[in-house]
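[1] take a look and give me a structure for this.
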Amino acid sequence: MNPADTPVSRSVRRRPARSAAGFNRTGAQSSPLALRSMQSYADEQAALPPAADCAAGKGIAAVRLAYVREAGEVGSVPMPGAITDAFAPRAAHRAAGAPELLVDKLGERLSWERSSVRLYQALMDKTAALAAGATLPLQVEELHQLREEALEHMHIAASALDSLGADSSALTPSAAISALVIHGVTQVLTDPRTTLHQCLEAILTVELADEASWELLMRLAEVAGQDELLFHFHRAFRHEHVHVLKLKRWREQLVLGTPEH
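    Residues are numbered from 1 along each chain as shown. Modelled structure (predicted):
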């Protein structure tokens with residue numbers, strides 16, 4: 001049997017280009033009786049004395065405030081056992097804390113770019129599956145280039161950490177937070193039900209943050225006196241800018257209906 005004629009590929013070809021109207025019951029209009037009941041309850045709550053209404057809100061705020069005051073930080077920055085001679089004097093002279101920030105943010109980029117490689121692989125797989133039954137504005141080969149550049153950026157971050165004497169295998173606080181941020185995007189790209197447009201929109205949020213983060217890293221490198229890192233950081237920043245432009249163009253072509261997916 002030709003792989004293009006399998007049930008899976010036939011179902012892919014039948015997938016609508018855009019989200020189709022269907023029996024969606026999440027809106028209030030699908031249940032008028034329940035809507036009236038909900039509105040009545042809301043009106044009753046609005047009629048309560050202000051003190052009673054504020055008490056609940058203040059109680060929640062007080063608990064949150066207590067947690068914030070008592071909680072520690074999300075991990076710590078693993079400082080190098082021996083910072084390079086070129087790094088320490090200038091960093092200490094120009095900005096206290098700059099070495100820690102640079103290491104933290106490099107750890108974040110390393111984690112983020114590693115995840116980006118996996119995201120682009122998932123997007124390549126999705127694109128290949130959908131291309132079996134439709135003409136798309138992008139090719140798997142184009143996504144492969146973006147994935148390879150994300151891999152290059154991952155190595156840039158790892159090499160920068162190594163050059164500073166930092167442990168590139170350590171999880172910095174910003175890296176831990178970035179893993180949480182990117183988790184939802186991973187779910188979008190790996191869900192078999194999502195469309196190519198939805199996946200492009202999800203990964204676009206990743207690339208926009210990536211572009212801004214490499215820009216910040218360039219500034220941190222300047223403050224820390226790490227001029228030798230600027231060339232590599234600027235290269236990654238240029239790549240990310242192009243990634244954003246490409247993703248925007250592909251998304252626009254899909255949304256405006258040229259061509260369908």
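[2] and residue 178, how many neighbours?
    Residue 178: 22 surrounding residues under other Cβ atoms under 10 Å. Every C-beta, even on glycine, is put in place using the N, C-alpha and C of the backbone.
[3] wait, it sits on residue 111?
    Yes: using Cβ atoms under 8 Å, residue 178 is in contact with residue 111, at 5.4 Å.
[4] now the closest residue to residue 100 other than its chain neighbours: how far from residue 31?
    In space, residue 100 comes closest to residue 77 once its chain neighbours are excluded; the distance is 4.7 Å by Cβ to Cβ, 6 or more residues apart in numbering. Computed as Cβ to Cβ, to the nearest Å, the residue 77 to residue 31 distance reads 52 Å.
[5] ok, these two, which is more surrounded?
    residue 77 (19 against 12).
[6] what residues are up against that one?
    Counting by Cβ atoms under 8 Å, 6 or more residues apart in numbering, residue 77 makes contact with 100, 103-104, 107, 172-173.
[7] which one of these is nearest residue 42?
    Nearest to residue 42 out of the contacts of residue 77 is residue 173 (Cβ to Cβ; 40.7 Å).
[8] all strands for the stretch 51-200 of the chain, in order.
    Counting by DSSP state E, counting those that start in this stretch, the stretch 51-200 of the chain has no strands at all.
[9] tell me where it is predicted with low confidence.
    Within the stretch 51-200 of the chain, the set of residues satisfying pLDDT under 70 comprises 51-57, 79-98.
[10] now do 80
    51-58, 72, 75-76, 78-99, 133-134 (pLDDT under 80).
[11] which phi and psi does the nearest residue to residue 78 once chain neighbours are set aside have?
    Distance criterion Cβ to Cβ, 6+ apart; nearest residue to residue 78, sequence neighbours excluded, is residue 170 at 4.1 Å. With angles defined as degrees, to the nearest 10, residue 170 sits at phi -80, psi 150.
[12] isn't residue 170 up against residue 107?
    Yes: when contacts are counted by Cβ under 8 Å, residue 170 is listed as touching residue 107 (6.7 Å).
[13] for the two, work out which one has more neighbours and name it.
    Set side by side, residue 170 and residue 107 show more neighbours around residue 107, with 28 against 16, by other Cβ under 10 Å.
[14] can you name the residues that contact that one?
    Residues near residue 107 by Cβ under 8 Å, 6+ apart: 77, 157, 161, 166, 168, 170-172, 174-175.
[15] one more time with 7 Å
    Residue 107 makes contact with 161, 170-172, 174-175 under the criterion Cβ atoms under 7 Å, 6 or more residues apart in numbering.
[16] just the buried ones among the residues you listed, please.
    The neighbour-count test (16 or more other Cβ atoms under 10 Å) marks 161, 170-172, 174-175 as buried among those.
[17] buried set for the host helix or strand of residue 41?
    Here residue 41 sits within helix 32-46, counting by DSSP states H and E. By neighbour count on 16+ other Cβ under 10 Å, the buried set for helix 32-46 is empty.
[18] touching that helix from outside, list them.
    Contacts of helix 32-46 (Cβ under 7 Å, 6+ apart): residue 28.
[19] I'd like the average pLDDT over it.
    What helix 32-46 shows for mean pLDDT is 81.
[20] output the contacts of residue 77 in TSV, with distance to residue 117 appended to each entry.
    Converted to TSV, the contacts of residue 77 look like this (distance: Cβ to Cβ, whole Å):
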residue	distance to residue 117
100	27
103	22
104	21
107	16
172	19
173	22
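[21] the residue positioned nearest the centre of the chain and residue 129, how far apart?
    Closest residue to the average C-alpha location of the chain: residue 206 at 3.4 Å, with Cα atoms, centre = their mean. The gap separating residue 206 from residue 129 is 21 Å, by Cβ to Cβ.
[22] equivalent analysis for residue 203, please.
    Residue 203 is 16 Å from residue 129, by Cβ to Cβ.
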